[in-house]
Structure formats: C-alpha cells, structure tokens
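> My questions are about this predicted structure, shown below with the sequence.
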Amino acid sequence: MLRSSIHPHDLPLFSEDLDLLSQVLDKVCVERGLVRTAPEAERIGAVIIQLYRQGVRDSGKLADLAKTYL
C-alpha cells in the first residue's frame, strides 16, 4: 500500500487565507513604518505565511510573532 503524507505547507492558500495574511502584513508594516514593497516587508510577509502554514491562525498572534523577526 502506498502512503502519502500531506503536510500543512503543501496545502493551498485560499482567498480567505490570503485576505487574513494581507491584513496582518499591512498592520505590521504600518506599525513599523514600512512600505509594503520594502525588502523587510517581503521578509515579514514570508514569515507570516510560514507561521500560518505551521498552524498559527490568530491574526494578533501572527502580527506579534512577525514583529519579533524585525
């Protein structure tokens, strides 16, 4: 029998997910005075996505954790 394991990082992000992630990124960027196209903002966005895929779904927690990466 063939076994396949599906990891959370392999699942697609849906529009609701992207909306939440975008809102969190906007919030962090505003609080840190970053333009969303800045390299720092792109790195923070990547961290937010990684945290979300690891199971952090609360927007406040995502923002707080993302700020620690600055």
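Arrived safely, thanks for sending.
> Give me the most central residue, this protein.
I48 (2.1 Å; Cα atoms, centre = their mean).
> Please name every helix or strand in contact with the helix or strand containing that residue.
Secondary-structure element containing I48, defined by DSSP states H and E: helix 39-53. For helix 39-53, the packing partners by 3 or more Cβ pairs under 8 Å, 6 or more residues apart in numbering; DSSP states H and E come out as helix 15-32, helix 59-67. (Each C-beta comes from the backbone N, C-alpha and C, glycine too.)
> from the chain's centre, how far out does that helix sit?
Using Cα atoms, centre = their mean, to the nearest Å, the distance from the centre of helix 39-53 to the centre of the chain it belongs to is 5 Å.
> can you start the count at 781 instead of 1 from here on
With the count now opening at 781, the last piece we talked about shows up as helix 819-833.
> how about the helices and strands packed on helix 819-833 in JSON lines, adding distance to E820?
What follows is the helices and strands packed on helix 819-833, written out as JSON lines (distance: least, Cβ to Cβ, whole Å):
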{"stretch": "helix 795-812", "distance to E820": "8"}
{"stretch": "helix 839-847", "distance to E820": "11"}
